[in-house]
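Q: Sequence and predicted model, in that order:
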Amino acid sequence: MASLTVRQLDDTLKRLLRLRAARHGRSMEDEVRVILRQAADEAGRDILDPSKPPAQSERQAKHDVTTARPRILLIIGGGIAAYKSLDLIRRLQDRGAQVRCILSGAAGHFVTPLAVGALCGERAYTDLFEPQSEFDVGHIRLARDTDLVVVAPATADLLAKMAGGHADDLATAVLLATNKPILVAPAMNPQMWSAKATQRNLAQLTADGIRVVGPNVGEMAERGEAGIGRMAEPLEIAAAVAAMTCRTGVLSGKRVLVTSGPTSEPIDPVRFIANRSSGKQGHAIASAAAAAGAHVVLVSGPANLPDPPGVSVVKIETAQQMLNAVEKAMPVDVAVFAAAVADWRPQHASESKIKKQPGRTPTLTLVENPDILSTVAHRETDRPQLVIGFAAETDHLVANARAKLAKKGCDWILANDVSPATGIMGGDTNTIHLISARGEESWPPQSKDEVARMLIERIVAALAGSER
Ligand code: C5P
(Lines give C-alpha, C1' and ligand atoms only; values in the text may rest on other atoms or scores of the structure.)
Protein backbone atom coordinates (compact mmCIF):
# COMPACT_ATOMS: atom_id res chain seq x y z
CA MET A 1 0.00 0.00 0.00
CA ALA A 2 1.38 3.43 -0.90
CA SER A 3 2.34 5.66 1.97
CA LEU A 4 1.81 9.37 2.15
CA THR A 5 3.44 11.87 4.46
CA VAL A 6 2.22 15.32 5.41
CA ARG A 7 5.38 16.73 3.86
CA GLN A 8 4.17 15.64 0.41
CA LEU A 9 1.06 17.82 0.59
CA ASP A 10 1.00 21.23 -1.05
CA ASP A 11 1.37 24.33 1.12
CA THR A 12 -2.26 25.44 1.11
CA LEU A 13 -3.45 21.96 2.04
CA LYS A 14 -0.80 21.77 4.75
CA ARG A 15 -1.92 25.12 6.19
CA LEU A 16 -5.58 24.04 6.21
CA LEU A 17 -4.63 20.76 7.84
CA ARG A 18 -2.57 22.56 10.49
CA LEU A 19 -5.51 24.87 11.33
CA ARG A 20 -7.95 21.96 11.44
CA ALA A 21 -5.64 19.88 13.64
CA ALA A 22 -5.11 22.83 15.99
CA ARG A 23 -8.84 23.37 16.27
CA HIS A 24 -9.30 19.75 17.34
CA GLY A 25 -6.20 19.74 19.56
CA ARG A 26 -4.51 16.95 17.54
CA SER A 27 -1.21 16.51 15.79
CA MET A 28 -1.36 16.87 12.00
CA GLU A 29 -0.69 13.15 11.57
CA ASP A 30 -3.55 12.29 13.93
CA GLU A 31 -5.85 14.65 12.07
CA VAL A 32 -5.01 12.90 8.78
CA ARG A 33 -5.76 9.54 10.41
CA VAL A 34 -9.20 10.79 11.54
CA ILE A 35 -10.00 12.19 8.09
CA LEU A 36 -8.95 8.98 6.38
CA ARG A 37 -10.87 6.83 8.82
CA GLN A 38 -14.06 8.88 8.31
CA ALA A 39 -13.68 8.87 4.52
CA ALA A 40 -12.94 5.14 4.35
CA ASP A 41 -15.81 4.42 6.69
CA GLU A 42 -18.30 6.39 4.61
CA ALA A 43 -17.17 5.24 1.18
CA GLY A 44 -16.03 1.76 2.08
CA ARG A 45 -19.04 0.20 3.70
CA ASP A 46 -21.12 -0.10 0.56
CA ILE A 47 -18.16 -1.26 -1.51
CA LEU A 48 -17.49 -4.06 0.97
CA ASP A 49 -21.08 -5.19 0.96
CA PRO A 50 -23.02 -4.30 -2.17
CA SER A 51 -26.11 -6.13 -0.90
CA LYS A 52 -26.35 -3.65 1.94
CA PRO A 53 -28.98 -0.91 1.62
CA PRO A 54 -27.50 2.45 0.65
CA ALA A 55 -25.72 4.23 3.46
CA GLN A 56 -27.54 7.01 5.25
CA SER A 57 -25.74 9.72 3.31
CA GLU A 58 -26.89 8.24 0.02
CA ARG A 59 -30.42 7.52 1.22
CA GLN A 60 -30.71 11.08 2.38
CA ALA A 61 -29.14 12.76 -0.62
CA LYS A 62 -32.45 12.72 -2.41
CA HIS A 63 -33.89 14.98 0.30
CA ASP A 64 -31.25 17.65 -0.10
CA VAL A 65 -33.42 19.81 -2.27
CA THR A 66 -36.35 20.07 0.06
CA THR A 67 -34.79 20.38 3.46
CA ALA A 68 -31.39 21.49 4.50
CA ARG A 69 -30.96 17.88 5.79
CA PRO A 70 -31.54 18.63 9.45
CA ARG A 71 -29.02 16.92 11.72
CA ILE A 72 -30.67 15.34 14.71
CA LEU A 73 -28.85 14.13 17.78
CA LEU A 74 -31.14 11.54 19.39
CA ILE A 75 -30.48 10.75 23.03
CA ILE A 76 -32.14 7.47 24.01
CA GLY A 77 -32.97 7.28 27.69
CA GLY A 78 -33.29 4.10 29.73
CA GLY A 79 -36.96 3.21 29.62
CA ILE A 80 -39.08 0.50 28.04
CA ALA A 81 -40.19 3.01 25.37
CA ALA A 82 -36.60 2.94 24.07
CA TYR A 83 -37.67 0.23 21.61
CA LYS A 84 -39.82 2.85 19.86
CA SER A 85 -36.75 5.00 19.38
CA LEU A 86 -35.53 2.53 16.78
CA ASP A 87 -38.63 3.31 14.75
CA LEU A 88 -38.14 7.02 15.49
CA ILE A 89 -34.69 6.87 13.84
CA ARG A 90 -36.35 5.56 10.67
CA ARG A 91 -39.16 8.14 10.79
CA LEU A 92 -36.64 10.97 11.13
CA GLN A 93 -34.57 9.57 8.26
CA ASP A 94 -37.74 9.24 6.18
CA ARG A 95 -38.10 12.99 6.57
CA GLY A 96 -34.57 13.55 5.32
CA ALA A 97 -32.87 13.97 8.70
CA GLN A 98 -29.37 12.80 9.44
CA VAL A 99 -29.55 10.98 12.76
CA ARG A 100 -26.77 10.41 15.25
CA CYS A 101 -27.47 8.62 18.56
CA ILE A 102 -26.31 8.62 22.14
CA LEU A 103 -27.47 5.88 24.47
CA SER A 104 -27.74 6.79 28.14
CA GLY A 105 -26.21 4.25 30.53
CA ALA A 106 -29.58 2.61 31.26
CA ALA A 107 -30.73 2.65 27.61
CA GLY A 108 -28.40 -0.26 26.92
CA HIS A 109 -30.73 -2.50 28.97
CA PHE A 110 -33.48 -1.94 26.41
CA VAL A 111 -31.78 -1.46 23.02
CA THR A 112 -28.29 -2.33 21.86
CA PRO A 113 -25.70 0.09 20.46
CA LEU A 114 -25.36 -2.36 17.55
CA ALA A 115 -29.03 -2.05 16.51
CA VAL A 116 -28.98 1.72 16.93
CA GLY A 117 -25.69 2.04 15.04
CA ALA A 118 -26.95 -0.13 12.19
CA LEU A 119 -30.01 2.09 11.74
CA CYS A 120 -28.05 5.33 11.98
CA GLY A 121 -25.28 4.25 9.64
CA GLU A 122 -22.70 5.32 12.22
CA ARG A 123 -21.75 4.03 15.64
CA ALA A 124 -23.93 4.83 18.62
CA TYR A 125 -22.16 6.86 21.31
CA THR A 126 -22.36 5.63 24.89
CA ASP A 127 -19.47 6.75 27.10
CA LEU A 128 -18.17 10.12 28.15
CA PHE A 129 -14.66 8.84 28.75
CA GLU A 130 -14.44 6.41 25.86
CA PRO A 131 -11.13 7.23 24.13
CA GLN A 132 -12.34 6.35 20.64
CA SER A 133 -15.41 8.59 20.62
CA GLU A 134 -13.58 11.45 22.32
CA PHE A 135 -10.84 11.08 19.73
CA ASP A 136 -13.24 10.84 16.78
CA VAL A 137 -15.84 13.39 17.73
CA GLY A 138 -15.65 14.56 21.31
CA HIS A 139 -18.71 15.31 23.43
CA ILE A 140 -18.56 19.03 22.68
CA ARG A 141 -18.72 18.39 18.95
CA LEU A 142 -21.51 15.88 19.45
CA ALA A 143 -23.39 18.63 21.28
CA ARG A 144 -22.76 21.28 18.64
CA ASP A 145 -22.69 19.45 15.27
CA THR A 146 -26.44 19.12 15.19
CA ASP A 147 -29.51 21.24 14.52
CA LEU A 148 -31.65 19.78 17.26
CA VAL A 149 -31.22 17.47 20.24
CA VAL A 150 -34.10 15.06 20.84
CA VAL A 151 -34.42 13.06 24.05
CA ALA A 152 -36.69 10.04 23.55
CA PRO A 153 -37.61 8.45 25.81
CA ALA A 154 -36.94 11.14 28.40
CA THR A 155 -37.16 9.28 31.70
CA ALA A 156 -38.02 10.97 35.02
CA ASP A 157 -34.37 10.57 36.01
CA LEU A 158 -33.05 12.18 32.82
CA LEU A 159 -35.48 15.10 33.15
CA ALA A 160 -34.37 15.61 36.77
CA LYS A 161 -30.71 15.59 35.76
CA MET A 162 -31.38 18.04 32.93
CA ALA A 163 -33.30 20.38 35.23
CA GLY A 164 -30.47 20.21 37.77
CA GLY A 165 -27.69 20.71 35.20
CA HIS A 166 -25.96 17.38 35.88
CA ALA A 167 -23.21 16.23 33.52
CA ASP A 168 -22.04 12.89 34.90
CA ASP A 169 -22.38 10.84 31.72
CA LEU A 170 -22.26 11.40 27.97
CA ALA A 171 -26.01 12.09 27.55
CA THR A 172 -26.23 14.69 30.32
CA ALA A 173 -22.86 16.27 29.46
CA VAL A 174 -24.00 16.76 25.87
CA LEU A 175 -27.37 18.14 27.00
CA LEU A 176 -25.58 20.67 29.18
CA ALA A 177 -22.99 21.54 26.53
CA THR A 178 -25.31 21.99 23.59
CA ASN A 179 -26.22 25.39 22.20
CA LYS A 180 -28.97 23.89 20.03
CA PRO A 181 -32.73 23.57 20.72
CA ILE A 182 -33.81 20.53 22.73
CA LEU A 183 -37.01 18.51 22.37
CA VAL A 184 -37.92 15.95 25.02
CA ALA A 185 -40.45 13.09 24.70
CA PRO A 186 -41.15 12.03 28.29
CA ALA A 187 -42.11 8.43 29.03
CA MET A 188 -42.72 7.03 32.46
CA ASN A 189 -45.24 5.46 34.81
CA PRO A 190 -48.28 7.75 35.47
CA GLN A 191 -47.38 8.09 39.16
CA MET A 192 -43.86 9.15 38.30
CA TRP A 193 -45.21 11.61 35.73
CA SER A 194 -47.64 13.25 38.15
CA ALA A 195 -45.12 13.31 41.03
CA LYS A 196 -44.50 16.85 42.23
CA ALA A 197 -40.76 16.55 41.62
CA THR A 198 -41.26 15.55 37.97
CA GLN A 199 -43.74 18.35 37.36
CA ARG A 200 -41.36 20.82 39.05
CA ASN A 201 -38.51 19.64 36.82
CA LEU A 202 -40.68 19.86 33.75
CA ALA A 203 -41.78 23.42 34.62
CA GLN A 204 -38.10 24.33 35.00
CA LEU A 205 -37.17 22.75 31.67
CA THR A 206 -40.05 24.49 29.89
CA ALA A 207 -38.99 27.80 31.43
CA ASP A 208 -35.46 27.08 30.15
CA GLY A 209 -36.88 26.88 26.61
CA ILE A 210 -36.90 23.11 26.25
CA ARG A 211 -39.79 21.84 24.11
CA VAL A 212 -41.91 18.87 25.13
CA VAL A 213 -43.91 16.39 23.01
CA GLY A 214 -46.31 14.05 24.83
CA PRO A 215 -46.61 12.03 26.93
CA ASN A 216 -49.84 10.40 25.78
CA VAL A 217 -52.53 8.62 27.72
CA GLY A 218 -52.64 4.84 27.40
CA GLU A 219 -51.63 1.42 28.63
CA MET A 220 -48.31 1.17 30.46
CA ALA A 221 -45.78 -1.62 30.06
CA GLU A 222 -46.75 -2.76 33.56
CA ARG A 223 -49.77 -5.05 33.43
CA GLY A 224 -53.07 -3.35 34.26
CA GLU A 225 -51.61 0.14 34.57
CA ALA A 226 -52.93 2.94 32.41
CA GLY A 227 -52.80 6.71 32.48
CA ILE A 228 -50.67 9.57 31.23
CA GLY A 229 -47.06 8.61 30.63
CA ARG A 230 -46.79 6.77 27.29
CA MET A 231 -44.12 8.21 25.04
CA ALA A 232 -45.53 10.12 22.05
CA GLU A 233 -45.62 7.95 18.93
CA PRO A 234 -42.53 8.14 16.66
CA LEU A 235 -44.59 9.88 13.96
CA GLU A 236 -45.70 12.57 16.43
CA ILE A 237 -42.14 13.12 17.57
CA ALA A 238 -40.92 13.25 13.96
CA ALA A 239 -43.62 15.84 13.18
CA ALA A 240 -42.56 17.96 16.17
CA VAL A 241 -38.94 17.70 14.97
CA ALA A 242 -39.99 18.76 11.47
CA ALA A 243 -41.85 21.77 12.87
CA MET A 244 -38.78 22.77 14.92
CA THR A 245 -36.31 22.41 12.05
CA CYS A 246 -38.38 23.86 9.23
CA ARG A 247 -37.08 27.44 9.54
CA THR A 248 -34.21 26.77 7.20
CA GLY A 249 -36.34 24.91 4.66
CA VAL A 250 -36.05 25.72 1.00
CA LEU A 251 -39.72 26.69 0.75
CA SER A 252 -39.45 29.35 3.42
CA GLY A 253 -41.20 32.53 2.34
CA LYS A 254 -43.52 30.56 0.04
CA ARG A 255 -47.24 30.15 0.58
CA VAL A 256 -48.65 26.73 -0.18
CA LEU A 257 -52.32 25.78 -0.20
CA VAL A 258 -53.40 22.15 0.06
CA THR A 259 -56.90 20.70 -0.07
CA SER A 260 -57.42 17.32 1.55
CA GLY A 261 -59.99 14.73 2.57
CA PRO A 262 -63.50 14.15 1.30
CA THR A 263 -66.31 16.66 1.24
CA SER A 264 -69.61 15.87 2.87
CA GLU A 265 -72.79 17.09 1.16
CA PRO A 266 -75.85 17.11 3.40
CA ILE A 267 -79.10 15.44 2.41
CA ASP A 268 -80.72 16.30 5.72
CA PRO A 269 -79.31 16.92 9.23
CA VAL A 270 -78.26 13.27 9.64
CA ARG A 271 -77.56 12.02 6.12
CA PHE A 272 -74.94 13.07 3.64
CA ILE A 273 -73.11 12.15 0.44
CA ALA A 274 -69.40 11.52 0.94
CA ASN A 275 -66.62 9.27 -0.32
CA ARG A 276 -63.83 7.04 0.96
CA SER A 277 -60.99 9.56 0.87
CA SER A 278 -58.93 9.37 4.09
CA GLY A 279 -57.08 12.67 3.61
CA LYS A 280 -53.75 10.91 4.25
CA GLN A 281 -52.10 12.08 1.02
CA GLY A 282 -53.22 15.70 1.31
CA HIS A 283 -52.22 15.89 4.98
CA ALA A 284 -48.81 14.36 4.16
CA ILE A 285 -48.26 17.01 1.47
CA ALA A 286 -49.19 19.81 3.87
CA SER A 287 -46.82 18.34 6.45
CA ALA A 288 -43.93 18.01 3.98
CA ALA A 289 -44.45 21.56 2.69
CA ALA A 290 -44.37 22.87 6.27
CA ALA A 291 -41.25 20.81 6.98
CA ALA A 292 -39.65 22.49 3.97
CA GLY A 293 -40.38 25.87 5.58
CA ALA A 294 -43.48 26.97 3.63
CA HIS A 295 -46.41 28.80 5.17
CA VAL A 296 -49.09 26.19 4.62
CA VAL A 297 -52.87 26.49 4.62
CA LEU A 298 -54.60 23.12 4.66
CA VAL A 299 -58.29 23.19 3.76
CA SER A 300 -59.63 19.85 4.84
CA GLY A 301 -62.93 18.03 4.67
CA PRO A 302 -63.88 15.61 7.46
CA ALA A 303 -60.77 13.44 7.92
CA ASN A 304 -59.94 11.35 10.93
CA LEU A 305 -56.37 12.62 11.16
CA PRO A 306 -54.48 14.91 13.54
CA ASP A 307 -53.70 18.42 12.29
CA PRO A 308 -50.18 18.46 10.84
CA PRO A 309 -47.92 20.56 13.08
CA GLY A 310 -47.01 24.04 11.91
CA VAL A 311 -49.87 24.15 9.40
CA SER A 312 -52.92 26.49 9.42
CA VAL A 313 -55.85 24.11 9.15
CA VAL A 314 -59.27 25.25 7.94
CA LYS A 315 -61.92 22.59 8.49
CA ILE A 316 -64.88 22.54 6.15
CA GLU A 317 -67.60 20.08 5.18
CA THR A 318 -69.03 20.93 1.78
CA ALA A 319 -67.44 21.67 -1.61
CA GLN A 320 -68.88 25.20 -1.54
CA GLN A 321 -67.25 25.80 1.88
CA MET A 322 -63.99 24.38 0.52
CA LEU A 323 -64.09 26.80 -2.42
CA ASN A 324 -64.77 29.75 -0.07
CA ALA A 325 -61.85 28.77 2.19
CA VAL A 326 -59.55 28.31 -0.81
CA GLU A 327 -60.47 31.74 -2.21
CA LYS A 328 -59.82 33.24 1.22
CA ALA A 329 -56.34 31.70 1.37
CA MET A 330 -55.28 33.33 -1.92
CA PRO A 331 -52.80 34.51 -3.05
CA VAL A 332 -50.48 31.52 -2.77
CA ASP A 333 -47.40 30.45 -4.70
CA VAL A 334 -48.42 26.82 -5.03
CA ALA A 335 -51.83 25.14 -4.75
CA VAL A 336 -52.17 21.37 -4.44
CA PHE A 337 -55.66 19.92 -4.78
CA ALA A 338 -55.61 16.52 -3.13
CA ALA A 339 -59.18 16.60 -1.82
CA ALA A 340 -61.76 14.17 -3.16
CA VAL A 341 -64.46 16.75 -3.73
CA ALA A 342 -67.97 15.36 -4.21
CA ASP A 343 -68.97 15.99 -7.81
CA TRP A 344 -72.60 16.59 -6.89
CA ARG A 345 -74.65 17.74 -3.95
CA PRO A 346 -78.36 17.44 -3.24
CA GLN A 347 -80.08 20.46 -4.71
CA HIS A 348 -81.95 21.07 -1.48
CA ALA A 349 -80.71 19.87 1.88
CA SER A 350 -83.74 19.26 4.06
CA GLU A 351 -83.68 21.18 7.35
CA SER A 352 -85.37 18.35 9.19
CA LYS A 353 -84.77 14.61 9.00
CA ILE A 354 -86.55 13.14 5.99
CA LYS A 355 -89.12 10.67 7.31
CA LYS A 356 -89.46 7.19 5.94
CA GLN A 357 -92.94 6.82 4.42
CA PRO A 358 -94.39 3.40 3.58
CA GLY A 359 -94.32 2.74 -0.15
CA ARG A 360 -92.61 6.04 -1.01
CA THR A 361 -88.96 6.45 -1.90
CA PRO A 362 -87.66 10.00 -1.90
CA THR A 363 -85.99 11.26 -5.06
CA LEU A 364 -82.73 13.14 -4.70
CA THR A 365 -82.09 15.84 -7.24
CA LEU A 366 -78.38 16.49 -7.53
CA VAL A 367 -76.62 19.58 -8.80
CA GLU A 368 -72.97 19.88 -9.78
CA ASN A 369 -70.48 21.23 -7.28
CA PRO A 370 -68.03 23.97 -8.26
CA ASP A 371 -64.76 22.63 -9.58
CA ILE A 372 -62.30 24.20 -7.15
CA LEU A 373 -59.13 23.15 -8.98
CA SER A 374 -60.40 24.45 -12.30
CA THR A 375 -61.63 27.70 -10.72
CA VAL A 376 -58.19 28.42 -9.24
CA ALA A 377 -56.29 27.30 -12.37
CA HIS A 378 -58.35 29.72 -14.49
CA ARG A 379 -57.96 32.73 -12.19
CA GLU A 380 -57.08 35.84 -14.12
CA THR A 381 -55.45 37.58 -11.19
CA ASP A 382 -53.27 36.03 -8.53
CA ARG A 383 -53.15 32.61 -10.20
CA PRO A 384 -50.69 30.48 -8.19
CA GLN A 385 -47.41 29.91 -9.99
CA LEU A 386 -48.04 26.18 -9.80
CA VAL A 387 -51.48 24.56 -9.71
CA ILE A 388 -51.42 20.81 -9.08
CA GLY A 389 -54.34 18.40 -9.22
CA PHE A 390 -54.83 14.69 -8.61
CA ALA A 391 -56.59 12.20 -10.81
CA ALA A 392 -57.89 9.08 -9.17
CA GLU A 393 -58.60 6.70 -12.03
CA THR A 394 -59.58 3.07 -12.36
CA ASP A 395 -58.73 2.69 -16.07
CA HIS A 396 -56.79 4.37 -18.90
CA LEU A 397 -54.89 6.12 -16.15
CA VAL A 398 -52.45 8.26 -18.10
CA ALA A 399 -54.76 9.11 -21.02
CA ASN A 400 -57.53 10.20 -18.67
CA ALA A 401 -55.11 12.20 -16.53
CA ARG A 402 -53.71 14.00 -19.56
CA ALA A 403 -57.24 14.91 -20.68
CA LYS A 404 -57.91 16.17 -17.17
CA LEU A 405 -54.79 18.35 -17.22
CA ALA A 406 -56.09 20.11 -20.32
CA LYS A 407 -59.67 20.34 -19.13
CA LYS A 408 -58.87 21.75 -15.71
CA GLY A 409 -56.10 24.10 -16.89
CA CYS A 410 -53.70 23.01 -14.14
CA ASP A 411 -49.93 22.62 -14.50
CA TRP A 412 -49.46 19.11 -13.18
CA ILE A 413 -51.69 16.14 -12.53
CA LEU A 414 -50.64 13.39 -10.16
CA ALA A 415 -52.48 10.37 -11.45
CA ASN A 416 -53.03 7.29 -9.33
CA ASP A 417 -54.78 4.02 -9.91
CA VAL A 418 -57.52 3.61 -7.30
CA SER A 419 -58.97 0.29 -8.44
CA PRO A 420 -60.09 -1.54 -5.28
CA ALA A 421 -57.29 -4.12 -5.71
CA THR A 422 -54.61 -1.43 -5.25
CA GLY A 423 -55.76 -0.58 -1.70
CA ILE A 424 -54.75 3.06 -2.31
CA MET A 425 -58.06 4.54 -1.15
CA GLY A 426 -57.58 4.82 2.62
CA GLY A 427 -54.27 2.91 2.47
CA ASP A 428 -50.78 4.12 3.28
CA THR A 429 -49.08 3.75 -0.10
CA ASN A 430 -49.47 5.35 -3.49
CA THR A 431 -48.16 4.86 -7.04
CA ILE A 432 -48.00 8.15 -8.88
CA HIS A 433 -47.59 9.25 -12.48
CA LEU A 434 -46.77 12.93 -12.75
CA ILE A 435 -48.28 14.35 -15.93
CA SER A 436 -47.33 17.84 -17.12
CA ALA A 437 -47.02 19.70 -20.42
CA ARG A 438 -43.36 18.65 -20.41
CA GLY A 439 -44.05 14.93 -20.27
CA GLU A 440 -44.77 12.11 -17.91
CA GLU A 441 -42.87 10.65 -14.98
CA SER A 442 -43.72 7.39 -13.19
CA TRP A 443 -42.83 7.16 -9.53
CA PRO A 444 -42.27 3.85 -7.73
CA PRO A 445 -44.90 2.53 -5.30
CA GLN A 446 -44.11 4.26 -2.02
CA SER A 447 -45.61 5.59 1.18
CA LYS A 448 -47.84 8.66 1.00
CA ASP A 449 -45.22 10.52 3.08
CA GLU A 450 -42.58 9.66 0.49
CA VAL A 451 -44.89 10.79 -2.33
CA ALA A 452 -45.37 14.06 -0.47
CA ARG A 453 -41.64 14.64 -0.16
CA MET A 454 -41.00 13.78 -3.80
CA LEU A 455 -43.70 16.23 -4.81
CA ILE A 456 -42.13 18.96 -2.66
CA GLU A 457 -38.78 18.25 -4.33
CA ARG A 458 -40.38 18.70 -7.75
CA ILE A 459 -42.10 21.87 -6.59
CA VAL A 460 -38.84 23.33 -5.28
CA ALA A 461 -37.09 22.51 -8.57
CA ALA A 462 -39.94 23.99 -10.60
CA LEU A 463 -40.06 27.22 -8.56
CA ALA A 464 -36.28 27.55 -8.84
CA GLY A 465 -36.33 27.07 -12.60
CA SER A 466 -39.67 28.85 -13.08
CA GLU A 467 -40.67 25.87 -15.17
CA ARG A 468 -44.00 24.08 -15.01
O1 C5P B 1 -62.68 15.67 -11.90
P2 C5P B 1 -61.96 14.92 -10.82
O3 C5P B 1 -62.73 14.83 -9.55
O4 C5P B 1 -61.43 13.59 -11.25
O5 C5P B 1 -60.66 15.82 -10.54
C6 C5P B 1 -59.76 15.53 -9.54
C7 C5P B 1 -58.98 16.75 -9.19
O8 C5P B 1 -59.79 17.92 -9.18
C9 C5P B 1 -58.45 16.66 -7.80
O10 C5P B 1 -57.24 17.39 -7.75
C11 C5P B 1 -59.52 17.31 -6.96
O12 C5P B 1 -59.02 17.81 -5.73
C13 C5P B 1 -59.98 18.43 -7.87
N14 C5P B 1 -61.40 18.77 -7.75
C15 C5P B 1 -61.77 19.99 -7.24
N16 C5P B 1 -63.09 20.33 -7.19
C17 C5P B 1 -64.04 19.48 -7.63
C18 C5P B 1 -63.67 18.22 -8.15
C19 C5P B 1 -62.35 17.89 -8.19
O20 C5P B 1 -60.91 20.76 -6.81
N21 C5P B 1 -65.31 19.82 -7.57
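A: All right, it came through fine. Numbers count the residues shown, from 1 in each chain.

Q: What separation do you get for the spatially most central residue of the chain and residue 241?
A: Nearest to the mean C-alpha position of the chain, counting by C-alpha atoms, centre = their mean, stands residue 95 at 4.5 Å. Remark: distance between residue 95 and residue 241 (C-beta to C-beta, to the nearest Å) = 7 Å. Just so you know, the C-beta spots here come from the backbone N, C-alpha and C atoms, and that holds for glycine as well.

Q: cool, and residue 414?
A: Note on residue 414: its distance to residue 241, by C-beta to C-beta, is 26 Å.

Q: and if you look at residue 173?
A: Distance from residue 173 to residue 241, by C-beta to C-beta: 22 Å.

Q: give me the number of residues near residue 32?
A: 18 (other C-beta atoms under 10 Å).

Q: Wait, it touches residue 17, no?
A: Yes - if you go by C-beta atoms under 8 Å, residue 32 and residue 17 touch, sitting 7.0 Å apart.

Q: What's opposite the closest residue to residue 344 other than its chain neighbours in the beta bridge?
A: Of all residues not flanking residue 344 in the chain, residue 366 sits nearest, at 3.8 Å (C-beta to C-beta, 6 or more residues apart in numbering). Residue 366 forms beta bridges with residue 346, as assigned by DSSP bridges.

Q: ok, now which ones touch residue 366?
A: 344-347 (C-beta atoms under 8 Å, 6 or more residues apart in numbering).

Q: mind running it again at 10 Å?
A: 265, 273, 342-347 (C-beta atoms under 10 Å, 6 or more residues apart in numbering).

Q: Would you mind naming what in the chain lies close to the ligand?
A: Counting by C-beta under 6 Å from any ligand atom, the chain comes close to the ligand at 259, 319, 337, 339, 341, 369, 371-373, 389-391.

Q: Please flag which of those residues sit within strands.
A: If you go by DSSP state E, the residues of the chain next to the ligand have 259, 337, 389-391 in strands.

Q: quick one: which of those has the most company?
A: That'd be residue 259 among those, by other C-beta under 10 Å, with 33 neighbours.

Q: So that residue sits against residue 327, correct?
A: No - using C-beta atoms under 10 Å, residue 259 is not in contact with residue 327; the gap is 12.0 Å.

Q: Could you name every residue contacting both of these two?
A: What both residue 259 and residue 327 touch, as defined by C-beta under 10 Å, 6+ apart, is the set 372, 376.

Q: Could I get the full set of strands for the stretch 251-400 of the chain?
A: Using DSSP state E, counting those that start in this stretch, the strands found in the stretch 251-400 of the chain span residues 255-260, 265-266, 272-273, 295-300, 312-315, 334-337, 344-346, 366-368, 386-393.

Q: Among those strands, show the one with the smallest mean pLDDT.
A: Lowest mean pLDDT within the strands of the stretch 251-400 of the chain: strand 312-315, at a mean of 90.

Q: what's the neighbour count on residue 459?
A: So residue 459, with other C-beta under 10 Å, has 28 neighbours.

Q: err, residue 14, not the other one
A: Look at residue 14: counted by other C-beta under 10 Å, it has 14 neighbours.

Q: repeat for residue 165
A: So residue 165, with other C-beta under 10 Å, has 10 neighbours.

Q: what pLDDT does it get?
A: Residue 165 carries a pLDDT value of 97.

Q: Where does pLDDT dip in the chain?
A: 1-8, 10-12, 19, 22-26, 37-68, 131-137, 246-248, 420-426, 466-468 (pLDDT under 70).

Q: can I see the domain layout of it?
A: Following automatic domain parsing, one gets these domains for the chain: 56-243, 250-347+365-465.

Q: Can you give me the end-to-end span of the longest one?
A: It stands for domain 250-347+365-465. Start-to-end span of domain 250-347+365-465 (C-alpha to C-alpha, to the nearest Å) is 14 Å.

Q: what's the offset of it from the middle of its chain?
A: Between the centre of domain 250-347+365-465 and the centre of its host chain there is 18 Å, according to C-alpha atoms, centre = their mean, to the nearest Å.

Q: now do the first one
A: In terms of C-alpha atoms, centre = their mean, the centre of domain 56-243 is found 17 Å from the chain centre.

Q: just checking, residue 288 touches residue 96?
A: Yes - judged on C-beta under 10 Å, residue 288 makes contact with residue 96 at a distance of 9.4 Å.

Q: So which of the two has more stuff around it?
A: Higher neighbour count among residue 288 and residue 96: residue 288, with 32 against 26, using other C-beta under 10 Å.

Q: Please report how far the more buried one lies from residue 449.
A: 7 Å.

Q: Could you check how many residues crowd around residue 85?
A: 29.

Q: again with residue 294
A: Counted with other C-beta under 10 Å, residue 294 comes out at 29.

Q: Report whether residue 416 is found in a helix, as I expect.
A: No - assigned with DSSP: H, G, I helix; E, B strand; the rest coil, residue 416 falls outside any helix and is strand.
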